[in-house]
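1. 3D model of this:
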Amino acid sequence: MSENEEREDFVLDLNTGSEEELSRLPGIGPVLATRIVNYREEVGPYQEPADVVAVSGITASLYDRLAGQLTAGQPGGLAIDLNLSL
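-> Residues are numbered from 1 along each chain as shown. Alright, predicted model coming up:
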């Protein structure tokens, strides 16, 4: 398997991926990987993969190419819907 094929099969959670892991995604180098992690630390977890376009340098076309390789799980466990009525 070539490096490009390996990169295309790689799926990563934006909320738990390290800079090193993020930089393995096609089109994401060390600079964008650092921005993705900094955004997560400053703003909070990504709610959905498309939120990554808020990061400077991540264009809609880059996101479209990566969409199948990104997830945005809830780090640290259980999500609670505060809008439920009891």
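
2. ok, longest helix in this protein?
-> When the chain is parsed with DSSP state H, its longest helix is helix 30-43.

3. show residues contacting that one.
-> Outside helix 30-43, the residues that touch it by Cβ atoms under 8 Å, 6 or more residues apart in numbering are 14-15, 17-20, 22-23, 28, 46, 52, 54-58. Every C-beta, even on glycine, is put in place using the N, C-alpha and C of the backbone.

4. how distant is that helix from the center of its chain?
-> 10 Å (Cα atoms, centre = their mean, to the nearest Å).

5. give the buried residues for the next helix or strand along the chain from that helix.
-> Counting by DSSP states H and E, the element after helix 30-43 in chain order, helix or strand, is helix 60-66. Within helix 60-66, the residues that count as buried by 16 or more other Cβ atoms under 10 Å are 62-63, 66.

6. returning to that earlier point: in the longest helix of the chain, what counts as buried?
-> 32-33, 35-37, 39-40.

7. low pLDDT regions in this structure?
-> 1-8, 75-86 (pLDDT under 70).

8. nearest residue to the residue positioned nearest the centre of it in space, please, no chain neighbours.
-> Centroid-nearest residue in the chain: L14, 2.7 Å away (criterion: Cα atoms, centre = their mean). Closest residue to L14 apart from its sequence neighbours, by Cβ to Cβ, 6 or more residues apart in numbering: Y46 at 4.4 Å.

9. thank you kindly, that will do.
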